[in-house]
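> predicted model, plus sequence, below.
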Amino acid sequence: RVWNFSAGPAALPLEVLQQAQADLLDWNGSGASVMELSHRGKPFMAMAAQAEADLRELLAIPAHYAVLFLQGGATQHFAQIPMNLAAPGDRADYVLTGHWSEKAVSEAGPYVQTRIVASSKEQGYRCLPLVDTAALDPDAAYLHYVANETIHGIEWRQPPPSGHLPLVADMSSNILSAPVDIERHGIVYAGAQKNIGPSGLVVMIIRRDLLAREGRPMANVLRYREQAAADSMLNTPNTWGWYLAGLTFKWILAQGGLAAIEAGNIRKSGLLYQAIDGSGGFYRNPVDPAARSRMNVPFTLHDPALDALFLEQSAAAGLMALKGHKAVGGMRASIYNAVPLAAVEALVAFMAEFARRYG
Ligand code: PLP
(Lines give C-alpha, C1' and ligand atoms only; values in the text may rest on other atoms or scores of the structure.)
Protein backbone atom coordinates (compact mmCIF):
# COMPACT_ATOMS: atom_id res chain seq x y z
CA ARG A 1 0.00 0.00 0.00
CA VAL A 2 1.08 3.59 -0.68
CA TRP A 3 1.40 6.34 1.95
CA ASN A 4 -1.86 8.25 1.64
CA PHE A 5 -1.86 12.00 2.41
CA SER A 6 -5.42 12.63 1.18
CA ALA A 7 -7.42 15.36 2.93
CA GLY A 8 -10.51 13.16 2.90
CA PRO A 9 -11.78 10.59 2.45
CA ALA A 10 -8.48 9.80 4.05
CA ALA A 11 -6.24 6.96 5.16
CA LEU A 12 -7.73 4.51 7.66
CA PRO A 13 -5.72 2.36 10.08
CA LEU A 14 -4.55 -0.84 8.40
CA GLU A 15 -5.89 -2.93 11.30
CA VAL A 16 -9.34 -1.39 10.81
CA LEU A 17 -9.32 -2.16 7.09
CA GLN A 18 -8.19 -5.73 7.68
CA GLN A 19 -10.95 -6.33 10.23
CA ALA A 20 -13.51 -4.74 7.90
CA GLN A 21 -12.29 -6.90 5.03
CA ALA A 22 -13.00 -10.05 7.04
CA ASP A 23 -16.34 -8.80 8.40
CA LEU A 24 -17.51 -7.74 4.97
CA LEU A 25 -18.01 -11.38 4.02
CA ASP A 26 -18.69 -13.09 7.32
CA TRP A 27 -19.42 -11.06 10.42
CA ASN A 28 -18.57 -12.85 13.65
CA GLY A 29 -19.19 -16.32 12.19
CA SER A 30 -22.78 -15.37 11.36
CA GLY A 31 -22.45 -16.28 7.69
CA ALA A 32 -23.67 -12.78 6.78
CA SER A 33 -21.84 -9.56 5.98
CA VAL A 34 -21.70 -6.85 8.61
CA MET A 35 -23.38 -4.72 5.92
CA GLU A 36 -26.28 -7.15 5.78
CA LEU A 37 -27.28 -6.85 9.46
CA SER A 38 -30.57 -5.22 10.38
CA HIS A 39 -30.11 -2.07 12.43
CA ARG A 40 -32.99 -3.31 14.62
CA GLY A 41 -31.32 -6.64 15.37
CA LYS A 42 -29.46 -7.35 18.61
CA PRO A 43 -25.99 -7.78 17.03
CA PHE A 44 -26.02 -4.39 15.33
CA MET A 45 -27.64 -2.63 18.31
CA ALA A 46 -24.90 -4.00 20.58
CA MET A 47 -22.19 -2.91 18.15
CA ALA A 48 -23.72 0.58 17.88
CA ALA A 49 -23.98 0.96 21.65
CA GLN A 50 -20.37 -0.18 22.09
CA ALA A 51 -19.19 2.39 19.53
CA GLU A 52 -20.93 5.12 21.49
CA ALA A 53 -19.50 3.86 24.79
CA ASP A 54 -15.97 3.81 23.33
CA LEU A 55 -16.33 7.34 21.96
CA ARG A 56 -17.60 8.50 25.35
CA GLU A 57 -14.56 6.95 26.99
CA LEU A 58 -12.12 8.46 24.47
CA LEU A 59 -13.47 12.00 24.74
CA ALA A 60 -14.66 11.78 28.37
CA ILE A 61 -18.15 12.81 27.24
CA PRO A 62 -20.34 13.61 30.26
CA ALA A 63 -23.81 12.05 30.64
CA HIS A 64 -25.56 15.36 30.00
CA TYR A 65 -24.40 15.18 26.39
CA ALA A 66 -26.09 12.99 23.77
CA VAL A 67 -24.02 11.28 21.06
CA LEU A 68 -25.68 11.06 17.65
CA PHE A 69 -24.63 9.09 14.56
CA LEU A 70 -26.19 11.06 11.72
CA GLN A 71 -26.04 11.36 7.95
CA GLY A 72 -25.63 14.19 5.47
CA GLY A 73 -22.01 15.20 5.88
CA ALA A 74 -20.84 18.22 7.86
CA THR A 75 -22.14 20.48 5.09
CA GLN A 76 -25.73 19.48 5.73
CA HIS A 77 -25.27 20.23 9.43
CA PHE A 78 -24.00 23.73 8.61
CA ALA A 79 -27.70 24.27 7.79
CA GLN A 80 -29.28 21.79 10.19
CA ILE A 81 -27.63 23.29 13.28
CA PRO A 82 -29.34 26.69 12.88
CA MET A 83 -32.58 24.91 11.93
CA ASN A 84 -32.47 23.15 15.32
CA LEU A 85 -30.95 25.83 17.52
CA ALA A 86 -32.40 29.06 16.14
CA ALA A 87 -36.04 30.12 15.94
CA PRO A 88 -37.10 32.17 12.89
CA GLY A 89 -35.66 35.68 13.31
CA ASP A 90 -32.87 34.57 15.68
CA ARG A 91 -29.24 35.60 15.28
CA ALA A 92 -26.00 33.58 15.56
CA ASP A 93 -22.33 34.56 15.84
CA TYR A 94 -19.57 33.03 13.68
CA VAL A 95 -15.77 33.03 13.73
CA LEU A 96 -14.12 33.08 10.29
CA THR A 97 -10.81 31.26 9.89
CA GLY A 98 -10.91 29.89 6.35
CA HIS A 99 -12.84 28.09 3.65
CA TRP A 100 -14.95 25.87 5.91
CA SER A 101 -16.06 28.58 8.30
CA GLU A 102 -17.08 30.68 5.28
CA LYS A 103 -19.09 27.74 4.03
CA ALA A 104 -20.71 27.27 7.45
CA VAL A 105 -21.86 30.89 7.35
CA SER A 106 -23.23 30.70 3.82
CA GLU A 107 -25.14 27.46 4.43
CA ALA A 108 -26.61 28.79 7.69
CA GLY A 109 -27.74 31.99 5.94
CA PRO A 110 -31.27 30.87 5.02
CA TYR A 111 -32.03 29.77 8.62
CA VAL A 112 -30.44 32.32 10.94
CA GLN A 113 -29.16 35.88 10.83
CA THR A 114 -25.40 35.32 10.82
CA ARG A 115 -22.84 37.81 12.12
CA ILE A 116 -19.03 37.57 11.90
CA VAL A 117 -17.60 38.38 15.32
CA ALA A 118 -13.96 37.58 14.60
CA SER A 119 -12.08 36.91 11.37
CA SER A 120 -8.58 36.41 10.04
CA LYS A 121 -9.69 36.86 6.43
CA GLU A 122 -7.72 40.11 6.05
CA GLN A 123 -4.60 38.23 7.13
CA GLY A 124 -5.23 35.67 4.38
CA TYR A 125 -6.32 33.11 6.97
CA ARG A 126 -2.76 32.66 8.15
CA CYS A 127 -3.50 33.09 11.85
CA LEU A 128 -6.31 32.79 14.38
CA PRO A 129 -8.38 35.89 15.17
CA LEU A 130 -8.88 37.15 18.70
CA VAL A 131 -12.41 36.47 19.95
CA ASP A 132 -13.53 39.22 22.31
CA THR A 133 -16.41 38.00 24.46
CA ALA A 134 -17.53 41.61 24.95
CA ALA A 135 -18.19 41.75 21.20
CA LEU A 136 -20.48 38.71 21.20
CA ASP A 137 -24.20 39.17 20.71
CA PRO A 138 -25.69 38.33 24.14
CA ASP A 139 -28.86 37.12 22.43
CA ALA A 140 -27.18 35.00 19.76
CA ALA A 141 -28.41 31.41 19.51
CA TYR A 142 -24.80 30.15 19.54
CA LEU A 143 -21.19 30.88 18.55
CA HIS A 144 -19.81 28.72 15.72
CA TYR A 145 -16.17 28.02 14.89
CA VAL A 146 -14.21 25.49 12.81
CA ALA A 147 -11.66 23.77 15.02
CA ASN A 148 -9.36 22.88 12.13
CA GLU A 149 -9.40 24.49 8.70
CA THR A 150 -8.61 21.58 6.40
CA ILE A 151 -7.65 23.76 3.43
CA HIS A 152 -5.83 26.66 5.12
CA GLY A 153 -4.06 24.46 7.67
CA ILE A 154 -5.09 26.46 10.74
CA GLU A 155 -6.08 24.84 14.02
CA TRP A 156 -7.35 26.03 17.39
CA ARG A 157 -5.32 24.47 20.22
CA GLN A 158 -7.98 25.61 22.70
CA PRO A 159 -11.57 26.53 21.85
CA PRO A 160 -12.25 30.27 21.57
CA PRO A 161 -14.05 31.92 24.51
CA SER A 162 -17.81 32.05 24.02
CA GLY A 163 -19.12 33.83 27.12
CA HIS A 164 -22.50 32.33 27.98
CA LEU A 165 -23.26 31.36 24.36
CA PRO A 166 -23.31 27.66 23.46
CA LEU A 167 -20.13 27.04 21.51
CA VAL A 168 -20.59 24.96 18.34
CA ALA A 169 -17.48 23.34 16.82
CA ASP A 170 -16.98 21.78 13.41
CA MET A 171 -14.25 19.26 14.25
CA SER A 172 -14.49 17.35 10.97
CA SER A 173 -10.76 17.35 10.35
CA ASN A 174 -9.30 17.16 13.86
CA ILE A 175 -11.72 15.21 16.02
CA LEU A 176 -9.97 12.50 18.05
CA SER A 177 -6.54 13.92 17.23
CA ALA A 178 -6.09 15.16 20.82
CA PRO A 179 -8.15 15.41 24.00
CA VAL A 180 -10.91 18.06 23.88
CA ASP A 181 -12.81 19.76 26.67
CA ILE A 182 -16.31 18.73 25.61
CA GLU A 183 -17.89 20.79 28.39
CA ARG A 184 -16.63 24.00 26.81
CA HIS A 185 -19.00 23.16 23.93
CA GLY A 186 -22.70 23.00 23.24
CA ILE A 187 -22.16 20.95 20.08
CA VAL A 188 -19.15 19.16 18.63
CA TYR A 189 -19.78 17.64 15.22
CA ALA A 190 -17.63 15.99 12.58
CA GLY A 191 -17.95 14.35 9.20
CA ALA A 192 -16.34 10.94 9.59
CA GLN A 193 -14.13 10.74 6.52
CA LYS A 194 -10.89 11.96 8.10
CA ASN A 195 -10.27 10.58 11.60
CA ILE A 196 -13.27 8.28 12.04
CA GLY A 197 -14.25 6.23 9.00
CA PRO A 198 -16.10 6.51 5.71
CA SER A 199 -17.92 9.58 4.38
CA GLY A 200 -21.67 9.79 4.80
CA LEU A 201 -21.57 9.60 8.59
CA VAL A 202 -21.60 12.57 10.96
CA VAL A 203 -20.85 12.16 14.65
CA MET A 204 -22.47 14.79 16.84
CA ILE A 205 -22.00 15.39 20.55
CA ILE A 206 -24.74 17.70 21.79
CA ARG A 207 -25.54 19.07 25.24
CA ARG A 208 -28.97 17.73 26.14
CA ASP A 209 -30.49 21.10 27.12
CA LEU A 210 -30.01 22.23 23.51
CA LEU A 211 -32.28 19.39 22.37
CA ALA A 212 -35.15 21.24 24.04
CA ARG A 213 -34.81 24.18 21.65
CA GLU A 214 -37.73 24.40 19.26
CA GLY A 215 -35.78 25.76 16.30
CA ARG A 216 -37.99 26.07 13.25
CA PRO A 217 -40.61 23.75 11.74
CA MET A 218 -38.86 20.83 10.03
CA ALA A 219 -39.17 17.13 9.30
CA ASN A 220 -38.58 14.83 12.28
CA VAL A 221 -35.60 13.20 10.59
CA LEU A 222 -33.79 16.56 10.68
CA ARG A 223 -34.57 17.24 14.33
CA TYR A 224 -31.74 16.36 16.71
CA ARG A 225 -34.19 15.87 19.61
CA GLU A 226 -36.06 13.18 17.65
CA GLN A 227 -32.83 11.50 16.59
CA ALA A 228 -31.59 11.48 20.19
CA ALA A 229 -34.88 10.00 21.41
CA ALA A 230 -34.59 7.26 18.76
CA ASP A 231 -30.89 6.54 19.47
CA SER A 232 -30.07 7.90 15.98
CA MET A 233 -32.31 5.23 14.42
CA LEU A 234 -35.32 7.29 13.47
CA ASN A 235 -34.71 5.87 10.03
CA THR A 236 -32.11 3.38 8.81
CA PRO A 237 -28.75 4.79 9.90
CA ASN A 238 -25.47 4.48 8.01
CA THR A 239 -24.77 1.06 9.51
CA TRP A 240 -21.51 0.53 7.63
CA GLY A 241 -20.17 3.91 8.75
CA TRP A 242 -21.26 3.36 12.34
CA TYR A 243 -19.61 -0.08 12.41
CA LEU A 244 -16.35 1.29 10.94
CA ALA A 245 -16.39 4.21 13.38
CA GLY A 246 -16.62 1.64 16.17
CA LEU A 247 -13.56 -0.17 14.83
CA THR A 248 -11.61 3.09 14.67
CA PHE A 249 -12.59 4.01 18.24
CA LYS A 250 -11.31 0.61 19.38
CA TRP A 251 -8.09 1.16 17.44
CA ILE A 252 -7.54 4.53 19.14
CA LEU A 253 -8.14 2.97 22.55
CA ALA A 254 -5.59 0.28 21.70
CA GLN A 255 -3.05 2.99 20.78
CA GLY A 256 -3.37 4.31 24.33
CA GLY A 257 -6.22 6.78 23.86
CA LEU A 258 -6.10 10.43 22.88
CA ALA A 259 -3.08 11.43 24.95
CA ALA A 260 -0.97 8.90 23.04
CA ILE A 261 -2.56 9.87 19.73
CA GLU A 262 -1.83 13.55 20.42
CA ALA A 263 1.81 12.79 21.21
CA GLY A 264 2.11 10.97 17.87
CA ASN A 265 0.48 13.86 16.03
CA ILE A 266 2.82 16.39 17.66
CA ARG A 267 5.79 14.30 16.58
CA LYS A 268 4.58 13.79 13.00
CA SER A 269 3.58 17.41 12.39
CA GLY A 270 6.75 18.68 14.11
CA LEU A 271 8.88 16.61 11.78
CA LEU A 272 7.11 17.93 8.69
CA TYR A 273 7.10 21.61 9.72
CA GLN A 274 10.77 21.29 10.62
CA ALA A 275 11.50 19.94 7.15
CA ILE A 276 9.64 22.88 5.59
CA ASP A 277 11.13 25.59 7.81
CA GLY A 278 14.61 24.12 7.55
CA SER A 279 14.61 23.89 3.76
CA GLY A 280 16.25 27.28 3.30
CA GLY A 281 13.16 28.66 1.58
CA PHE A 282 12.74 25.81 -0.92
CA TYR A 283 9.46 24.92 0.84
CA ARG A 284 7.21 27.39 2.65
CA ASN A 285 4.23 27.25 5.01
CA PRO A 286 2.75 30.71 5.62
CA VAL A 287 0.74 29.95 8.76
CA ASP A 288 1.54 31.57 12.13
CA PRO A 289 3.40 28.79 14.00
CA ALA A 290 1.00 29.11 16.96
CA ALA A 291 -1.93 28.31 14.67
CA ARG A 292 -0.40 25.60 12.50
CA SER A 293 -2.58 22.54 12.03
CA ARG A 294 -1.28 19.17 13.15
CA MET A 295 -3.59 17.49 10.65
CA ASN A 296 -3.28 19.40 7.37
CA VAL A 297 0.04 20.89 6.33
CA PRO A 298 -0.14 23.08 3.22
CA PHE A 299 3.17 24.12 1.70
CA THR A 300 4.42 25.73 -1.47
CA LEU A 301 7.58 25.21 -3.50
CA HIS A 302 9.78 28.27 -4.06
CA ASP A 303 9.24 27.82 -7.79
CA PRO A 304 5.65 26.84 -8.78
CA ALA A 305 7.07 25.59 -12.10
CA LEU A 306 8.36 22.59 -10.11
CA ASP A 307 4.90 21.65 -8.76
CA ALA A 308 4.03 19.17 -11.49
CA LEU A 309 7.40 17.47 -11.22
CA PHE A 310 7.10 17.25 -7.43
CA LEU A 311 3.70 15.60 -7.75
CA GLU A 312 4.84 13.22 -10.46
CA GLN A 313 7.95 12.12 -8.58
CA SER A 314 6.26 11.90 -5.16
CA ALA A 315 3.53 9.70 -6.62
CA ALA A 316 6.18 7.49 -8.21
CA ALA A 317 7.81 7.23 -4.77
CA GLY A 318 4.55 5.90 -3.28
CA LEU A 319 3.46 9.19 -1.70
CA MET A 320 -0.17 9.69 -2.68
CA ALA A 321 -2.45 12.75 -2.86
CA LEU A 322 -0.07 15.62 -2.08
CA LYS A 323 -1.65 18.13 -4.45
CA GLY A 324 -2.80 21.21 -2.56
CA HIS A 325 -6.32 22.64 -2.67
CA LYS A 326 -6.77 25.12 -5.51
CA ALA A 327 -7.74 27.86 -3.02
CA VAL A 328 -4.20 27.98 -1.64
CA GLY A 329 -2.19 26.17 -4.34
CA GLY A 330 1.01 24.23 -3.90
CA MET A 331 0.97 21.02 -1.87
CA ARG A 332 -0.87 19.73 1.15
CA ALA A 333 0.02 16.76 3.30
CA SER A 334 -2.87 15.59 5.46
CA ILE A 335 -1.43 13.59 8.31
CA TYR A 336 -4.45 12.34 10.23
CA ASN A 337 -4.29 9.77 13.04
CA ALA A 338 -4.05 6.81 10.68
CA VAL A 339 -1.02 8.18 8.80
CA PRO A 340 1.94 6.58 10.55
CA LEU A 341 5.21 8.27 11.47
CA ALA A 342 6.92 6.16 8.80
CA ALA A 343 4.80 7.88 6.15
CA VAL A 344 5.91 11.32 7.32
CA GLU A 345 9.51 10.14 7.48
CA ALA A 346 9.22 8.92 3.89
CA LEU A 347 7.74 12.27 2.86
CA VAL A 348 10.41 14.43 4.49
CA ALA A 349 13.17 12.22 3.03
CA PHE A 350 11.61 12.65 -0.42
CA MET A 351 11.28 16.43 0.09
CA ALA A 352 14.93 16.76 1.13
CA GLU A 353 16.11 14.78 -1.88
CA PHE A 354 13.87 16.78 -4.24
CA ALA A 355 15.18 20.07 -2.83
CA ARG A 356 18.76 18.84 -3.16
CA ARG A 357 18.19 17.95 -6.80
CA TYR A 358 16.27 21.05 -7.87
CA GLY A 359 17.32 23.71 -5.34
N1 PLP B 1 -15.85 20.95 7.56
C2 PLP B 1 -14.55 20.66 7.40
C3 PLP B 1 -13.55 21.20 8.39
C4 PLP B 1 -14.15 19.85 6.33
O5 PLP B 1 -12.85 19.56 6.16
C6 PLP B 1 -15.13 19.36 5.43
C7 PLP B 1 -14.80 18.52 4.27
O8 PLP B 1 -13.86 17.93 4.04
C9 PLP B 1 -16.45 19.69 5.64
C10 PLP B 1 -16.78 20.49 6.71
C11 PLP B 1 -17.52 19.21 4.72
O12 PLP B 1 -17.76 17.87 4.90
P13 PLP B 1 -18.75 17.04 3.99
O14 PLP B 1 -18.16 17.00 2.63
O15 PLP B 1 -18.80 15.71 4.65
O16 PLP B 1 -20.06 17.73 4.01
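All right, it came through fine.

> residue of the stretch 1-150 of the chain closest to the ligand, please.
Nearest to the ligand, among the residues of the stretch 1-150 of the chain, is G73, at 2.8 Å (CB to the nearest ligand atom). (C-beta placed from N, C-alpha, C; glycine too.)

> and the nearest residue to that residue once chain neighbours are set aside, what does it touch?
If you skip the residues right next to it in sequence, G73 has G191 as its closest partner in space, 5.2 Å away by CB to CB, 6 or more residues apart in numbering. For G191, the contact set (CB atoms under 8 Å, 6 or more residues apart in numbering) comprises G8, G73, A74, T75, S172, S199, L201, V202.

> and if we set it to 7 Å?
Contact analysis of G191 by CB atoms under 7 Å, 6 or more residues apart in numbering lists G73, A74, S172, S199, V202.

> could you check how far it is from I154?
Relative to I154, G191 is positioned 18 Å away (CB to CB, to the nearest Å).

> in the stretch 201-350 of the chain, what residue comes closest to the ligand?
V202 (7.2 Å).

> buried sites along the host helix or strand of L309?
Of the helices and strands defined by DSSP states H and E, L309 is found in helix 307-316. Using 16 or more other CB atoms under 10 Å as the burial criterion, the residues of helix 307-316 that qualify are D307, F310, L311, Q313, S314.

> if we can go back for a sec, bridging residues for the residue nearest to G73?
V202 (DSSP bridges).

> could you pull up the mean pLDDT of the helix or strand hosting F69?
Assignment of secondary structure by DSSP H and E places F69 within strand 65-70. Here strand 65-70 scores 98 as its mean pLDDT.

> re the thing from before, a markdown table for the buried residues of helix 307-316, including pLDDT and distance to I266?
Putting those into a markdown table (pLDDT from 0 to 100; distance: CB to CB, whole Å) gives the following:
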| residue | pLDDT | distance to I266 |
| --- | --- | --- |
| D307 | 98 | 29 |
| F310 | 98 | 26 |
| L311 | 98 | 27 |
| Q313 | 98 | 29 |
| S314 | 98 | 24 |
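
> keep only the residues you listed that also lie close to the ligand.
Applying CB under 6 Å from any ligand atom to these, one finds that nothing falls near the ligand.

> let's have those residues in CSV, adding distance to N265.
As requested, the buried residues of helix 307-316 are arranged in CSV below (distance: CB to CB, whole Å):
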residue, distance to N265
D307, 27
F310, 24
L311, 25
Q313, 27
S314, 22
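
> flag every residue of the protein that's near the ligand.
By CB under 6 Å from any ligand atom, the part of the chain that sits against the ligand consists of G8, G73, A74, T75, W100, V146, T150, D170, S172, S173, G191, S199.

> so where do the helices sit in this protein?
Using DSSP state H, the helices assigned to the chain run over residues 14-25, 42-59, 73-85, 99-108, 224-229, 239-255, 257-277, 307-316, 341-358.

> run the angle between the fourth one and helix 73-85 for me.
Put plainly, it is helix 99-108. 50 degrees (axes from the mean of the first three to the mean of the last three CA atoms, to 10 degrees).

> residues in contact with helix 99-108: which ones?
Around helix 99-108, the neighbours that count as contacts under CB under 7 Å, 6+ apart are 75, 78-79, 82, 92, 94-96, 114, 144-146, 149-152, 170, 327.

> ok, I81 to N337 distance?
Using CB to CB, I81 is found at 25 Å from N337.

> ditto for A291
20 Å.

> the more surrounded of those two?
With neighbours defined as other CB atoms under 10 Å, A291 and N337 compare such that N337 has more, 28 against 20.

> nearest spatial neighbour of the more buried one, chain-adjacent residues omitted?
Leaving out its chain neighbours, the residue that sits closest to N337 by CB to CB, 6+ apart is N195, at 5.1 Å.
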